[in-house]
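> Task: produce atomic coordinates for the following.
(one chain, ligands or ions: 2)
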Amino acid sequence: MLRYWTAGESHGQTLAALVDGFPAGVELDTAPIDEELRRRQGGYGRGGRQRIETDKVLIRTGIWRSTTLGSPILLEVPNRDYKLERLDDLPRPRPGHADLTGSLKYLGSIRGILERSSARETAVRVAAGALAKQLLAPFGITALGYVVELGGERIEPIEGDYQTLRTARDQSEIYSLNPDRDADIKQMIDQARKAGDTLGGVMEVRVDGLPFGLGTHAQWDRKLDGRLAQAVMAVQAIKGVEIGMGFEAARLPGSQVHDPIHYDASQADKPHLGYIRPSNNAGGLEGGMTNGMPLIVRAAKKPISTLAKPLASVNLETKEPDAASYERSDVCAVSAASVIVENVVAFEIAAALVDKFGGDSLSEMQARYELFQKMAQER
Ligand SMILES: Cc1cc2nc3c(=O)[nH]c(=O)nc-3n(C[C@H](O)[C@H](O)[C@H](O)COP(=O)(O)O)c2cc1C
Ligand SMILES: C=C(O[C@@H]1CC(C(=O)O)=C[C@@H](OP(=O)(O)O)[C@H]1O)C(=O)O
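Ligands and ions are numbered 1, 2, ... in the order given. The predicted model follows:
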């Protein structure tokens, strides 16, 4: 079983992810992990903190000569803005944050809550996902996250193969598939900043190269759609998750929703074994299992909670009304969230791959993958 936990406070010494169950024999490269960390720090609309941090991963355990051993891997991303011991408490809880409920639930400070609930923690979730991508690569599986809506404005994705889409995404400062829309979206973010307000949006992740049968129909907690929904929903500020057509499927008749099945023998050697769908409204999942089509997951992110023009709150000492506390904040982090969602999805796919093909070593997984493709072709 491939899984991970994280530790660390936003302004503490370090962030860490402990990845357990990662197969042996994967040659690791830290450069692509650092590249994901760099992307997560970027996107238009982020605040002052990102000018302080330059996130780099340290792989502390679980490797020998850059190759994984099958033992637990500890990933670390140290905080440059380490100042936790010097920081004071916040007097007034910020609406939209864990501040009020957390300080009541744990009978303690707001500081003690916000330090852990902060999205700073996603740096190591991204590191774990980027590590998982190095397990997906030998199987030809790629994950691409991009922004499809920001501040209520739809950004129509272009069509194309993985490389075309990735090039477009990497050219966009918004991380959308349509760099031509950057200018007007950036203007919206500037306006929100000027007004002391914040913006949210929608991102989509597409996973290509998936074989049949990751996940299972057989037990609720191993259904891949459920696992993906949990991983994505657990990202700070994500308030909705859709697979494929998502909520729209509820509004249409079945004839316009379900993807017909065709067979093309000349493509039987592909991961989809020649079973072609003219549409992909299911988003690559049926019955909690991958069905050979690209996986499509969408996530909705609410606007940043901390407003430069603060909302009404209460002083927890006096119980008197007062504006919510404000230190500094992002105005829009939808682009960054697209990187996070891409990487948490990649991790869940890698976990499902390990479940299906065994998690001891990469070479055994590859042999079992080939065997399964052959057996399923002959089914
Ligand atoms: C990449 C990213 C950056 C964020 N930056 C901020 C920020 O600068 N200020 C803020 O108030 N909230 C920020 N958030 C959102 C809060 O962390 C989040 O809304 C809060 O912890 C409450 O959790 P919930 O929205 O999941 O309920 C960010 C979220 C993400 C994903
Ligand atoms: C540090 C990151 O995001 C932070 C997420 C965050 C929050 O409340 O979630 C609040 C801000 O932190 P600070 O209060 O230090 O400015 C963001 O910068 C990061 O993504 O690396």
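
> Any idea how many residues pack against W220?
9 (other C-beta atoms under 10 Å). Just so you know, the C-beta spots here come from the backbone N, C-alpha and C atoms, and that holds for glycine as well.

> Begin at 47, not 1, for the rest of this chat.
Yes, from this point I'll number from 47; that puts the last item at W266.

> Was I right to think it contacts R273?
No. If you go by C-beta atoms under 8 Å, W266 and R273 don't touch, sitting 10.3 Å apart.

> helix, strand or coil for the closest residue to R157 other than its chain neighbours?
Of all residues not flanking R157 in the chain, D135 sits nearest, at 4.6 Å (C-beta to C-beta, 6 or more residues apart in numbering). Using DSSP: H, G, I helix; E, B strand; the rest coil, the three-state assignment for D135 comes out as coil.

> Quick check: pLDDT value at D135.
With respect to pLDDT, D135 has a value of 96.

> quick one: the strands in the stretch 197-346 of the chain?
Remark: strands assigned in the stretch 197-346 of the chain by DSSP state E, counting those that start in this stretch are 199-200, 247-254, 258-261, 284-289, 308-309, 321-322, 331-332, 335-337, 341-347.

> mind putting those in CSV, distance to R414 included?
Formatted as CSV, the strands of the stretch 197-346 of the chain follow (distance: least, C-beta to C-beta, whole Å):
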stretch, distance to R414
strand 199-200, 42
strand 247-254, 20
strand 258-261, 12
strand 284-289, 27
strand 308-309, 25
strand 321-322, 21
strand 331-332, 22
strand 335-337, 16
strand 341-347, 21
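
> now these as JSON lines including distance to R374 and mean pLDDT?
Formatted as JSON lines, the strands of the stretch 197-346 of the chain follow (distance: least, C-beta to C-beta, whole Å; pLDDT from 0 to 100):
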{"stretch": "strand 199-200", "distance to R374": "26", "mean pLDDT": "98"}
{"stretch": "strand 247-254", "distance to R374": "21", "mean pLDDT": "98"}
{"stretch": "strand 258-261", "distance to R374": "41", "mean pLDDT": "98"}
{"stretch": "strand 284-289", "distance to R374": "22", "mean pLDDT": "98"}
{"stretch": "strand 308-309", "distance to R374": "54", "mean pLDDT": "97"}
{"stretch": "strand 321-322", "distance to R374": "51", "mean pLDDT": "94"}
{"stretch": "strand 331-332", "distance to R374": "40", "mean pLDDT": "98"}
{"stretch": "strand 335-337", "distance to R374": "42", "mean pLDDT": "98"}
{"stretch": "strand 341-347", "distance to R374": "19", "mean pLDDT": "98"}
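
> Next up, phi/psi of the residue most central in space within the chain, please.
Centroid-nearest residue in the chain, with C-alpha atoms, centre = their mean: V387, separated by 1.6 Å. Phi and psi for V387, reported as degrees, to the nearest 10, are phi -60, psi -40.

> do V400 as well
Dihedral angles for V400 - degrees, to the nearest 10 - are phi -60, psi -40.

> burial measure for it, as a count.
21.

> quick one: it and L408 touch, right?
No. Look at V400 against L408 with C-beta under 8 Å: they stay out of range, at 10.3 Å.

> Quickly list what's touching both of the two.
Shared contacts of V400 and L408 (C-beta atoms under 8 Å, 6 or more residues apart in numbering): P69, L181.

> Please report how far the residue located most distally from the centre of the chain lies from ligand 1.
Using C-alpha atoms, centre = their mean, the residue of the chain lying farthest from its centre is T364. It sits 39.9 Å away. In this structure, T364 and ligand 1 are 23 Å apart, going by C-beta to the nearest ligand atom, to the nearest Å.

> P257 now?
In terms of C-beta to the nearest ligand atom, P257 sits 31 Å off from ligand 1.

> ok, now which ones touch that residue?
Contacts were defined as C-beta under 8 Å, 6+ apart; by that measure P257 touches F185, P317, T336, G338, K402, Y415, F418, Q419.

> mind redoing it with 10 Å?
185-187, 316-319, 336, 338, 399, 402-403, 415, 418-419, 422 (C-beta atoms under 10 Å, 6 or more residues apart in numbering).

> Neighbour-wise, give me the winner out of the residues you listed.
Counting neighbours by other C-beta under 10 Å, T336 leads the contacts of P257 with 26 neighbours.

> Tell me the spacing between the closest residue to ligand 2 within the stretch 197-346 of the chain and A169.
Using C-beta to the nearest ligand atom, the closest approach of the stretch 197-346 of the chain to ligand 2 is made by Q282 at 5.5 Å. Q282 sits 12 Å away from A169, taking C-beta to C-beta, to the nearest Å as the criterion.

> who in the protein is up against ligand 1?
Counting by C-beta under 6 Å from any ligand atom, the residues of the chain close to ligand 1 are 93, 142-144, 163-165, 168, 281-283, 348, 350-352, 375-376, 379, 382-383, 386.

> Show the buried residues in those.
Those of these that meet the buried threshold are 93, 142-144, 163-165, 168, 281-283, 350-352, 375-376, 379, 382-383, 386, by 16 or more other C-beta atoms under 10 Å.

> mind listing the helices for the chain?
Along the chain, the segments classed as helices by DSSP state H run 76-87, 95-98, 145-151, 157-163, 168-182, 208-217, 228-240, 270-279, 380-403, 408-424.

> What lies in contact with the last one?
In this structure, residues lying in contact with helix 408-424 by C-beta under 10 Å, 6+ apart are 68-73, 113-114, 116, 180-181, 184-185, 257-259, 311, 314-317, 319-321, 338, 399-400, 402-405, 407.
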